[in-house]
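Asks: I would like the atomic coordinates for the input below:
(2 chains)
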Amino acid sequence: MSLPTSGQRQSWRAAAQTQITSTLDNTKIGQKNLRWYLTGWRMGIFWLVIAALVPWVLDTSLQVTAITICIYVMLALGLNIVVGYAGLLDLGYVAFFVIGAYTMAAGSFGFIQLANGDTKAVPSFPFWILLPAGAILAGFFGALLGAPTLRLRGDYLAIVTLGFGEIVPIVFNNVPYFFGPVGISAQPPNDIGPISFSDPSFPAPFYYLTLLIVVLIILAVLSLRGSSLGRAWVAIREDETAAASSGVNLVRTKLLAFGLGATVGGIGGVMNAAFTTSITPKDFSFNISITILIMVVLGGLGSVPGVILGAILLRFFDVYLLGQVNDAVHNSVLVAGNGAPLHFLAGVDFNTSKYLIYGLILVGMILVRPQGLIPDKRRTRELHGVGAAPESLSIVGIVAEEEAGVAVGGEGSEDETAFSGAGSDAQGRED
Amino acid sequence: MHMLTLADTAGIGIFFQQIENGITLGAMYALVALGYTLVYGIIELINFAHGDVFMWSTLVTLVVVQALGITGTLTGMALIGVLLLLIVIGVAVSAGLNVTIERLAYKPLRRAPRLAPLIAAIGASFILENAAQLWRGSSFVAFPAIFPPGKISIGSLSINYLDIFIVALAVALMIGLDRVIRLTRLGRAMRATAQDPEAASLMGVNIDRTIVYTFLIGGALAGATGVFYNLYIGQVWFLTGFQLGLIAFTAAVLGGIGNVNGAVLGGFLIGIINSLAIQYIPSGFQWSNAIVFAILVLILVFRPSGLLGQRVPDKV
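Replies: Coordinates of the predicted model:
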């Protein structure tokens, strides 16, 4: 390495000066920049207010859309615990969605179907009991499924969960009691005083109920992230062997990731059944597992705001944009007056090509922007192969390092400044 | 899914007939399982798209047969010519697709964390399935029975010529693969890469090219299987690859993933188990996928290294 020229040295000094001043500016009270206002809980409250306004602003059909978006946000947040936090690929997440939904439906319907085709009356339970029941049942099956694969590499887990996601709907389809392919009805939540959760012309109460649960889940996953369990998840995600030798209990940590992720999926299932009041095994296909995975990858693995955004975007694309694009293309100049297509796009039904587009989004994101739309800082470095070398010794220093990374500003955007150079050096040693 | 040809005698006859069906199915499972195990052996990636690569061979060969206007049984030179054409096309389609996927989706992620190529693989599988559905629709389409229906009878057991053809060709392919791996330069490069890619590359092995050839061979085997599957099952469907892929992967794990002989053994075993399950378990057909999945979980619990695999510690 050659010695720096005096000119270079001067520019380094100048850059260092700017860096120091800007750091001071950031900490000075009363001079907070826009970014400060747009991060953390302030942003959360802002968006919560927006979400709370939905029934006042939007019409009934869009409120229904908002409810399904909320349910998908729940599912994406739950899958994010498993895939984003703990780095375990779950390709059958729909299984827990099914278990939650069938708990709700079978528990509230009041009838089961016997093997000979007769129906039999059974006690039915209210939504308020079935919601925790569905969550616990799904969580139990999540842990049960994770158990055999704990000793194995993540790849096996992916294929076992994929099989599980296929098998669970088959079970509900083939076992008596659940009315087979016909499916089963669910009772909506009981009224509380004058508040009705089952009025199709006034979905606001159900929307607020769903929103409340989403907010609770968001708070739960955010606090999990910073907890010792959350840090253990990061540790096994980055390097299982190192985590184990640093005293992380792999079995407990993985089972909890699986169990908690499944619990959230179960809650989503209960809410879905309570909302649609009718479910069939066909509703729960592999496509849903992948759709939820795409929401997580699109938004940003491990990033809570990202995952929420991913779910909203994909749902919005699905229920709103796709139809619009379809109509726009089919009614546009691409079609001649007699209805003959003038361009190959006019012959494409965008609704049926939805999942193809989803697949392209998934592969495209992983290749081009693996950290997602709103990246999680730590995850970004991992996915770009920086600071996540297998010989990582950073288990103990996870939090310290994360904060150090932010404070030094060594995100790689200011390569020419002396400080970021020093920062990345320090990082290199630490890892 | 399977059109079973049951012997009309009861008891032991049915049992052997199911074994025979299982062997034919197993030959096909084994060929697809080889694709999983070869790729896993070299880059430690479950190529989720492999089953769908197989499905594309069934799809394209169906289109070829339809384009040729073939609707019934062929004989003589026409049969040989058409079979040869279909196999060449099937192999080309699947090998080409497999290599394309590797180049576009897996190669850029070679140094990324494990999760990334795995997600890319499931995405590729999803794209292939849905592209097939868009192209040819989501219903089953019949593949014409071009193979003559004759059979050999041994006691109560009857063996179709088609079954003999499939098993013989599959075994020939397996022997060929074994020769390639054991005796050629490419095979030596593959074994070296599987053992230790860095050391292999220091010894002058072109890792990148070896990986491409591995995908090419795996895809080619899947492509040939696509033709066999069309002749045997006679139903083309965009999700065939998903189902058969799961079964073949289970076969690869049963034999010990990464182990070529294990994949063959696992394929035949799963084929036989599947056939017997359909026969002897009440409404076994509905449950056949669940049974395969249960086998997979049981292997993972009790013998994760498979029947022939070695237990290796994780590379640190």
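Asks: what about B:Leu296, distance to chain A?
Replies: Relative to chain A, B:Leu296 is positioned 6 Å away (C-beta to the nearest C-beta, to the nearest Å). For glycine as for every other residue, the C-beta is placed from the backbone atoms N, C-alpha and C.
Asks: show the contacting residues for the closest residue to that residue other than its chain neighbours.
Replies: In space, and not counting its chain neighbours, B:Leu296 is closest to B:Thr250: 4.4 Å by C-beta to C-beta, 6 or more residues apart in numbering or on different chains. Applying C-beta atoms under 8 Å, 6 or more residues apart in numbering or on different chains to B:Thr250 gives the contacts B:Gly266, B:Ile270, B:Val292, B:Phe293, B:Ile295, B:Leu296, B:Ile299.
Asks: of those - the most surrounded one?
Replies: Taking other C-beta atoms under 10 Å in any protein chain shown as the neighbour criterion, B:Gly266 ranks highest of the contacts of B:Thr250 with 33 neighbours.
Asks: that one belongs to a helix?
Replies: Yes - per DSSP: H, G, I helix; E, B strand; the rest coil, B:Gly266 lies within a helix segment.
Asks: centroid-wise, who is the farthest residue in chain B?
Replies: B:Leu202 (33.1 Å; C-alpha atoms, centre = their mean).
Asks: before we move on, back to that, helix, strand or coil for the residue nearest to B:Leu296?
Replies: Following three-state DSSP, the label given to B:Thr250 is helix.
Asks: same check on A:Gln371?
Replies: A:Gln371 ends up coil, using three-state DSSP.
Asks: how far away is the closest residue to it other than its chain neighbours from chain B?
Replies: Of all residues not flanking A:Gln371 in the chain, A:Thr380 sits nearest, at 4.1 Å (C-beta to C-beta, 6+ apart). Separation of A:Thr380 from chain B (C-beta to the nearest C-beta): 12 Å.
Asks: returning to that earlier point: which residues touch the residue farthest from the centre of chain B?
Replies: If you count contacts by C-beta under 8 Å, 6+ apart, B:Leu202 has none.
Asks: and it, what's its pLDDT?
Replies: Per-residue pLDDT puts B:Leu202 at 93.
Asks: the one 3 residues further on now?
Replies: pLDDT, the model's per-residue confidence, is 92 for B:Val205.
Asks: got the CA coordinates for stretch B:142-160 in PDB?
Replies: Taking C-alpha atoms only, stretch B:142-160 is exported to PDB below (Å, rounded to 0.1, in the frame of the first residue of the first chain):
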ATOM      1  CA  ALA B 142     -54.100 -38.200 -22.000                       C
ATOM      2  CA  PHE B 143     -50.900 -39.400 -23.600                       C
ATOM      3  CA  PRO B 144     -51.700 -41.800 -26.400                       C
ATOM      4  CA  ALA B 145     -50.800 -45.500 -25.700                       C
ATOM      5  CA  ILE B 146     -48.200 -45.700 -28.400                       C
ATOM      6  CA  PHE B 147     -46.500 -48.800 -26.900                       C
ATOM      7  CA  PRO B 148     -47.900 -52.200 -28.000                       C
ATOM      8  CA  PRO B 149     -49.900 -53.800 -25.200                       C
ATOM      9  CA  GLY B 150     -48.400 -57.300 -25.200                       C
ATOM     10  CA  LYS B 151     -47.300 -59.100 -22.100                       C
ATOM     11  CA  ILE B 152     -45.400 -62.200 -20.800                       C
ATOM     12  CA  SER B 153     -47.300 -64.400 -18.300                       C
ATOM     13  CA  ILE B 154     -45.400 -66.400 -15.700                       C
ATOM     14  CA  GLY B 155     -48.000 -68.300 -13.700                       C
ATOM     15  CA  SER B 156     -50.400 -65.700 -12.400                       C
ATOM     16  CA  LEU B 157     -47.900 -62.900 -12.900                       C
ATOM     17  CA  SER B 158     -48.100 -60.900 -16.100                       C
ATOM     18  CA  ILE B 159     -45.400 -58.500 -17.100                       C
ATOM     19  CA  ASN B 160     -46.100 -56.000 -19.800                       C
END
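Asks: now it: buried residues?
Replies: B:Phe143, B:Pro144, B:Ile146, B:Phe147, B:Leu157, B:Ser158, B:Ile159, B:Asn160 (16 or more other C-beta atoms under 10 Å in any protein chain shown).
Asks: secondary structure class for the third one?
Replies: In the three-state summary, B:Ile146 is assigned as coil, counting by three-state DSSP.
Asks: with adjacent residues omitted, what lies nearest to it?
Replies: B:Ile146's closest residue in space is B:Leu74 (C-beta to C-beta, 6+ apart), at 4.9 Å.
Asks: repeat that for B:Gly267.
Replies: B:Ala30 (2.5 Å).
Asks: now, among the contacts of B:Thr250, which is nearest to chain A?
Replies: Closest to chain A out of these is B:Phe293 (3.9 Å), distances taken as C-beta to the nearest C-beta.
Asks: neighbours around A:Pro203, how many?
Replies: Residue neighbour count, defined by other C-beta under 10 Å, stands at 21 for A:Pro203.
Asks: let me fix that: A:Ser228
Replies: 9.
Asks: quick one: contacts for residue 263?
Replies: Using chain A. A:Gly78, A:Phe96, A:Ala135, A:Ile136, A:Ala138, A:Gly139, A:Gly142.
Asks: meant chain B, my bad for not saying
Replies: By C-beta under 8 Å, 6+ apart, the neighbours of B:Ala263 are B:Ala30, B:Ala33, B:Leu34, B:Tyr36, B:Thr37, B:Ala251, B:Ala252, B:Gly255, B:Ile257.
Asks: give me the element it is part of.
Replies: Element membership for B:Ala263 (DSSP states H and E) is helix B:260-280.
Asks: how distant is the following helix or strand past that helix from the center of its chain?
Replies: Of the helices and strands lying after helix B:260-280 in sequence (DSSP H and E), the nearest is helix B:284-302. Put simply, helix B:284-302 sits 18 Å off its chain's centre (C-alpha atoms, centre = their mean, to the nearest Å).
Asks: would you mark the buried spots in helix B:284-302?
Replies: For helix B:284-302, by 16+ other C-beta under 10 Å, it's B:284, B:287-293, B:295-297, B:299-300.
Asks: now do stretch A:305-322
Replies: Buried-residue list, stretch A:305-322, by 16+ other C-beta under 10 Å: A:305-315, A:317-318, A:322.
Asks: related to what we said a few turns ago, next step: the contacts of B:Ala263 restricted to helices.
Replies: B:Ala30, B:Ala33, B:Leu34, B:Tyr36, B:Thr37, B:Ala251, B:Ala252, B:Gly255 (DSSP state H).
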